[in-house]
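Novice: Here's a sequence, model it:
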Amino acid sequence: MQWETVIGLEVHVQLNTQSKIFSATSTAFGAEPNTQASAVDIALPGVLPVLNRGAVERAIKLGLALDATINPTSIFARKNYFYPDLPKGYQISQFELPVVEKGTLAIQVGDEEKTIRVTRAHLEEDAGKSLHEDFHGMTGIDLNRAGTPLLEVVSEPDMRSSAEAVAYAKALHSLVTYLGICDGNMQEGSFRVDANVSVRPVGQKEFGTRREIKNLNSFRFLQQAIDYEVRWQIEQIEDGNKIQQATVLFNPDTGETRMMRTKEDAHDYRYFPDPDLLPLSISADWIERVKAGLPELPAVKKARYMEQYGLSAYDAGLLSSSRAMADYFEAMLPVVNDAKLCANWLTGELSATLNREGLELADSRVAAASLAALLVRIKDGTISGKIAKEVFAAMWAGEGEADAIIEAKGLKQMSDSGELEKIIDEVLAANAKSVEEFRSGKEKAFNALVGQVMKATRGKANPAQVNDLLKAKLG
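Specialist: Coordinates of the predicted model:
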């Protein structure tokens, strides 16, 4: 039997407000446990929540970027469940009337573009954190995170592979960081993904029973967890077992999922409107003011790069994939004045070096201005592209700026045609066999002669100049 995978994602986007969603407590990461937990956060009797306007504005920004409906009135509800890190015994969230509904997000998987429907995005407070590793035989509770503002973005089950799910998560991650509403730091929990996964026979309209994989904090884990879960569900069904709706966790060490609890439905949480919070009203004027302050979004930037600079869809997509990448590119461009050369180095040598060392672009050891200065030396013929990679490696190692390294290492490209002609004559004299083979029609012999000249000049000769002089001398 052929199986089809069905995936929907719930992404918790931590909003980068300075204070929590219903209190004035700081949201700064890394404080000592329970030092950022106010009377409101720990639910002391008699305290009342006060909504953070900045959190609402960030929700509006995302709604506009998703071309979604911003509800003029939305309601906060109490989601009732009991867990040690939830001090009130309920979580303030939104249920029937969220702030954002019915949006879309385009994704690119290989050559295929697909539009994923976004069901809703609702505001809610985060819970605290259980600390299992720090206490022998006990669990500690840190309530610093309790009350941190979240925007939960829920997709329709429109994805059919782990690759599509990763592409959607990356597109959403790019969008929220472009908008400046989330720092996107997955290691610190600022962007967490829950994946609802089911399988069904190809051609069947009804969905299979889903299992929800909770709290995936990397794109790699998201892909691994979905792939494992799909294989596991298919094996279970083909062995005659039924899938039970459940919440599962992914273990990155084993690459497997394991059941945490049977999955609750909405009615199990006994949602009801929070009596301490008035309905949230969002005026058309407020929406227009937020819209006026939106930055250029990734899709628009990609189209502009293609039209304005003649870049391919692939290059433009990579350069607009994150705000950091786009800012780096745009800082280089006025200096280098060659979009394709900048794109090649950004998506090639620089990205490869960052990946090799496990660094983000923000942590690059070569600034945009420094890389731009290096590329100018390629353009003006001071060094070749090959030598430029050697200079870049030295810059990355902290040996200084491009010009200083080129001078100190004597890497300037040979531009004296008289000197170069002399070396070419010596190479031709020493490689009579290759000369004869070329003249008898073997093109590979010409490349061998070019290689010998480049070797004799230690890579400093201008390859184009070498080609021209060799062709002239060989007739």
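Novice: Sticking with residue 326, tell me its helix or strand.
Specialist: Following DSSP states H and E, one finds residue 326 within helix 323-336.
Novice: do the same with residue 97
Specialist: Counting by DSSP H and E, residue 97 is part of no helix or strand.
Novice: if I look at it, how far off is residue 56?
Specialist: 14 Å (Cβ to Cβ, to the nearest Å). Where C-beta positions appear, they are placed from N, C-alpha and C, glycine not excepted.
Novice: Residue 261 now?
Specialist: The gap separating residue 261 from residue 56 is 32 Å, by Cβ to Cβ.
Novice: Likewise for residue 430?
Specialist: As for residue 430, its distance to residue 56 is 77 Å (criterion: Cβ to Cβ).
Novice: Which residue ranges of the stretch 151-300 of the chain form helices?
Specialist: Chain-ordered helices for the stretch 151-300 of the chain, with DSSP state H, counting those that start in this stretch as the definition, fall at 162-179, 219-238, 284-292, 298-309.
Novice: Give me whichever of the ones you listed is most buried.
Specialist: helix 162-179 (a mean of 22; mean count of other Cβ atoms under 10 Å).
Novice: What lies in contact with that helix?
Specialist: Residues from elsewhere that reach helix 162-179, judged by Cβ atoms under 8 Å, 6 or more residues apart in numbering: 5, 7, 9, 11, 13, 58, 61-62, 65-66, 105-109, 114, 116, 153, 155, 159, 182-184, 186, 191, 193, 195, 219, 222-223, 226-227, 230, 294-295, 297-298, 321-323.
Novice: how many other residues sit next to residue 207?
Specialist: 13 (other Cβ atoms under 10 Å).
Novice: measure it to residue 75 for me?
Specialist: In this structure, residue 207 and residue 75 are 28 Å apart, going by Cβ to Cβ.
Novice: Burial check on the nearest residue to residue 186 once chain neighbours are set aside, number of neighbours?
Specialist: Setting aside the residues directly before and after it, residue 186 is nearest to residue 217 in space (Cβ to Cβ, 6 or more residues apart in numbering), at 4.7 Å. Around residue 217 sit 17 other residues, with neighbours defined as other Cβ under 10 Å.
Novice: which residues does residue 217 contact?
Specialist: Taking Cβ under 8 Å, 6+ apart as the definition, contacts of residue 217 comprise 186, 187, 189, 191, 192, 193.
Novice: Return the members of the contacts of helix 162-179 classed as buried.
Specialist: Judged by neighbour count, with 16 or more other Cβ atoms under 10 Å as the criterion, the buried members of these are 5, 7, 9, 11, 13, 58, 61-62, 65-66, 105, 107-109, 116, 153, 155, 159, 182, 184, 186, 191, 193, 195, 219, 222-223, 226-227, 230, 298, 321-323.
Novice: Contact partners for the closest residue to residue 310 other than its chain neighbours?
Specialist: Nearest residue to residue 310, sequence neighbours excluded (Cβ to Cβ, 6+ apart): residue 339, at 7.0 Å. Residue 339 sits next to 305, 309, 310, 311, 333 when contact means Cβ under 8 Å, 6+ apart.
Novice: Could you dump the residues you listed into CSV with distance to residue 383 and pLDDT added?
Specialist: Listed next are these as CSV, based on distance: Cβ to Cβ, whole Å; pLDDT from 0 to 100:
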residue, distance to residue 383, pLDDT
305, 27, 96
309, 24, 95
310, 25, 94
311, 24, 93
333, 20, 96
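Novice: Tell me the buried residues in the strand or helix carrying residue 354?
Specialist: Residue 354 is part of helix 351-357 when elements are defined by DSSP H and E. Burial within helix 351-357, assessed by neighbour count using 16+ other Cβ under 10 Å, is assigned to 353, 354.
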